[in-house]
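Asks: sequence plus predicted model, see below.
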Amino acid sequence: MTHKGTRSYADKLRFIADLLIAGFALWVIARLMLVPLPVLEAKQSICVFSFLSGRACPGCGLTKAFAAVLHLRPGLAIGYNPLIIPVLPAMIVVVFRYYKRRFAEIKMLFTNRKHRGDHYVL
């Protein structure tokens, strides 16, 4: 049992996991931004579905599409995979909502306050 204002071991592990996941995501984004698009186009697909079936899966081309968006080439991104139109905003919303909630929990851990809805009470 933890006292008010102290963090449990699980809270610390969750905080570290969130930092690692965010760091990895930023590393992937940086890699996609730094790699020129022709290099991505030349690489062979690593899609297991297309390897086993010989057909393109609905997600094929999304990595290239994300890279094209990061290179500010939305037309090219849609050409790689039109699913980028609903997938990208959905991913942004999911990530934003998750980290908004997690930051509220982290703030609560460090400020000794109880969280109720969208505000804090003493």
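Replies: The structure has been received and is ready for your questions.
Asks: going forward, measure contacts and count neighbours with C-alpha atoms only.
Replies: Noted.
Asks: ok, Ala67 - how many residues close by?
Replies: Using other C-alpha atoms under 10 Å, Ala67 has 25 other residues around it.
Asks: do Ala56 as well
Replies: Neighbours of Ala56 using other C-alpha under 10 Å come to 14.
Asks: now it, nearest residue through space, not along the chain?
Replies: Ser50 (5.1 Å; C-alpha to C-alpha, 6 or more residues apart in numbering).
Asks: host element of Leu20?
Replies: helix 9-34 (DSSP states H and E).
Asks: list the buried residues for that helix?
Replies: 15, 32-33 (16 or more other C-alpha atoms under 10 Å).
Asks: what mean pLDDT does it have?
Replies: Average pLDDT, helix 9-34: 84.
Asks: now swap in stretch 62-73 and tell me
Replies: 89.
Asks: where do the helices of this protein begin and end?
Replies: 9-34, 37-42, 48-53, 62-70, 74-80, 84-111 (DSSP state H).
Asks: tell me what the last one is packed against?
Replies: Contacting helix 84-111 under the criterion 3 or more C-alpha pairs under 8 Å, 6 or more residues apart in numbering; DSSP states H and E are the following elements: helix 62-70, helix 74-80, strand 114-116.
Asks: before I go, just wanted to say thanks for your time.
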